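Chemist: Predicted model and sequence follow; I will ask about them next.
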Amino acid sequence: DAGVTQSPTHLIKTRGQHVTLRCSPISGHKSVSWYQQVLGQGPQFIFQYYEKEERGRGNFPDRFSARQFPNYSSELNVNALLLGDSALYLCASSSLQGLTEAFFGQGTRLTVV
Amino acid sequence: GEDVEQSLFLSVREGDSSVINCTYTDSSSTYLYWYKQEPGAGLQLLTYIFSNMDMKQDQRLTVLLNKKDKHLSLRIADTQTGDSAIYFCAESLNRDDKIIFGKGTRLHILP
C-alpha cells in the first residue's frame, strides 16, 4: 500500500510568486492535515480537512489556503511568497477525523529566494 | 496556552539508555505523542499515551507520564546508531484537535 505521497519533493520559488503543493492520502483515509516545519523548529499546524470541509485552521495569514478534492487528495496554496515561507511542508492523513495515528508524508521542501 | 518544551540536544553512548524529556503546559491535553524524524524524512509516530495512563512500554521504548507535573519522557533502551534522529514531543487536546509539537530533541549517538 502506498503511504502519504506529496509532490513535488523540492521546489524553489521567487518572492512574490504563488505555489501549489499536493498531497495524496493513504487509500481510505478521509482526513488531511497540513503542517509547516521551519528549519530547526517543530511542525506548526496550518489546516485540517475532513470530507472536503475545512475543520481546523492554524495561525497563518490568508495567503495560505487549501482545499480537499472528492478523492480526498489535497492542495495547499501559498500566495505572495515571502522568504520566511521557506520550510518543509508536511501532509498527514488519517482514517477518521482526529484519529490519533496520523501518517505523515515525506514533505515538500520549499525554498523561497 | 498550548506549549511544548524539550531540550534541544542529547548525546548518548551506543548501548546506553537515552531519556528524552518534555514538558507541556495545557493540562487538558488528552493525547501525548513521540515522533521521530530522520534527516530528509517525514515524521514517524513512535508511540502515544493517553492522559489517563502513567506508563506505556513498546519493545525498547518506554513512555512515562507525570500528569501532575505535566512531564513526559521517552526512554530508549540499548540505544543504537539507527536511533540517531530528532525526537518530537507533541500533544493534542482531544481527538479532533490539531497536534502541537515541541521544537525537537536531536539525539546523537556516540561510538
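Modeler: Looks like it came in fine. Everything quoted here is computed from the prediction, not taken from an experiment.

Chemist: how about residue B:60, phi and psi?
Modeler: phi -80, psi -10 (degrees, to the nearest 10).

Chemist: er, residue A:66 I mean
Modeler: phi -150, psi 170.

Chemist: Would you map the strands across chain B?
Modeler: B:4-6, B:9-13, B:18-24, B:31-37, B:44-50, B:55-58, B:61-66, B:71-76, B:85-92, B:100-101, B:105-110 (DSSP state E).

Chemist: Any part of the last one near chain A?
Modeler: No. Using CB under 8 Å from any CB of the partner chain as the criterion, no contacts between strand B:105-110 and chain A are found, and the smallest distance is 9.7 Å. C-betas here are computed from N, CA, C, even on glycine.

Chemist: got the angle for that strand vs strand B:31-37?
Modeler: Relative orientation of strand B:105-110 and strand B:31-37, computed by axes from the mean of the first three to the mean of the last three CA atoms, to 10 degrees: 50 degrees.

Chemist: who does strand B:105-110 pair up with?
Modeler: strand B:9-13 (parallel), strand B:85-92 (antiparallel) (DSSP bridges).

Chemist: For it, which residues meet the burial criterion?
Modeler: B:105, B:106, B:107, B:109 (16 or more other CB atoms under 10 Å in any protein chain shown).
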